[in-house]
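Asks: From the sequence below, what's the structure:
(chains A and B)
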Amino acid sequence: KQEVTQIPAALSVPEGENLVLNCSFTDSAIYNLQWFRQDPGKGLTSLLLIQSSQREQTSGRLNASLDKSSGRSTLYIAASQPGDSATYLCAVRGTGANNLFFGTGTRLTVIP
Amino acid sequence: ETGVTQSPTHLIKTRGQQVTLRCSSQSGHNTVSWYQQALGQGPQFIFQYYREEENGRGNFPPRFSGLQFPNYSSELNVNALELDDSALYLCASSNWDRDTQYFGPGTRLTVL
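Replies: Alright, predicted model coming up:
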């Protein structure tokens, strides 16, 4: 069964700092990997989706990388802002699967 | 383009009761997935509906059931509620041939 782990569980950084969030998964037979943002008590907002054949995706200040063979993904946030404060969730979809397996998330706080 | 909507926003029930949650998929999407997110955890897959048929199920007991309607909206029904059913219930819609799942804001269920 696919297991997804996110480290650290919580992170606090000063505004303007660059940061990296980590995600690891146990089964490398994935179809894609998706990063989401979740504000307290709210639904999920998709940030980036990386297909299994891709190595990275970029959107604005966000860059996600994927190393399928080692079962790892990172989300890089450049020049962090207080508005980036949220929980970031990583999810993988296995080959032949129609659902996402989620990690428990990293709670990010950006201090003004 | 209308996003994914869910109703109600919040719900309080007592143990043993039954509950129905509703989800309207994003325009043009034919697939709806339901997830349960306990406090401090990542979402867990309940089941998925594609063109009104169940198309995959996670590790949830039969008292969790669902429906999808011809307009692709969906219901999640939970019978004989237990205290551990207290969670945020998320639905996500997608097109079968597209990968990104778009999530609704969720329904917060509290079982007393």
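
Asks: what bridges to the residue in chain A positioned nearest to chain B?
Replies: Nearest residue of chain A to chain B (Cβ to the nearest Cβ) works out as residue A:102 at 3.3 Å. C-beta coordinates here come from the backbone N, C-alpha and C atoms, glycine included. Beta-bridge partners for residue A:102, by DSSP bridges, are residue A:91.

Asks: Up against chain A, what does chain B have?
Replies: Among all residues of chain B, those adjacent to chain A (criterion: Cβ under 8 Å from any Cβ of the partner chain) are B:4, B:6, B:31, B:33, B:35, B:40-45, B:48, B:50, B:55-56, B:58, B:88, B:90, B:92, B:99-106, B:108.

Asks: try 6 Å
Replies: The interface of chain B toward chain A, taken as Cβ under 6 Å from any Cβ of the partner chain, is made up of B:41-43, B:45, B:48, B:55-56, B:90, B:99-100, B:103-106.

Asks: Out of the residues you listed, which end up buried?
Replies: Burial by neighbour count, judged by 16 or more other Cβ atoms under 10 Å in any protein chain shown, picks out B:42, B:43, B:45, B:48, B:55, B:90, B:103, B:104, B:105, B:106 from the residues of chain B next to chain A.

Asks: The residue in chain B that chain A sits nearest to and residue B:22, how far apart?
Replies: When scored by Cβ to the nearest Cβ, chain B has residue B:42 as its residue closest to chain A, at 3.3 Å. For residue B:42, the distance to residue B:22 under the criterion Cβ to Cβ, to the nearest Å works out to 23 Å.

Asks: How about residue B:111?
Replies: Plainly put, residue B:111 is 18 Å away from residue B:22 if you go by Cβ to Cβ.

Asks: mind listing what the spatially most central residue of chain B touches?
Replies: Central residue of chain B (Cα atoms, centre = their mean): residue B:34, 3.4 Å from the mean position. Contacts for residue B:34 were tallied using Cβ atoms under 6 Å, 6 or more residues apart in numbering or on different chains; they are B:46, B:47, B:76, B:91.

Asks: same thing but at 7 Å, please
Replies: Contact criterion Cβ atoms under 7 Å, 6 or more residues apart in numbering or on different chains gives B:46, B:47, B:66, B:76, B:89, B:91 as the residues in contact with residue B:34.

Asks: Need the three-state assignment for the third one.
Replies: When you say that, I think you mean residue B:66. The three-state label given to residue B:66 by DSSP: H, G, I helix; E, B strand; the rest coil is strand.

Asks: Grab the nearest non-local neighbour of it.
Replies: residue B:76 (5.2 Å; Cβ to Cβ, 6 or more residues apart in numbering or on different chains).

Asks: who's the one you found bridged to?
Replies: Checking residue B:76 by DSSP bridges, which sets the bridge assignment, gives partners residue B:21, residue B:66.

Asks: Look up how far residue B:103 lies from it.
Replies: As for residue B:76, its distance to residue B:103 is 14 Å (criterion: Cβ to Cβ).

Asks: and stretch A:65-78, how far apart are its ends?
Replies: Terminal residues of stretch A:65-78 lie 14 Å apart, using Cα to Cα, to the nearest Å.

Asks: Check stretch B:96-112 too.
Replies: Across stretch B:96-112, the terminal residues are separated by 37 Å (Cα to Cα).

Asks: if we can go back for a sec, go ahead and build a PyMOL selection from the buried members of the contacts of residue B:34.
Replies: A single PyMOL command selects the buried members of those (16+ other Cβ under 10 Å):
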select buried, chain B and resi 46+47+66+76+89+91
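
Asks: Perfect, that will be all.
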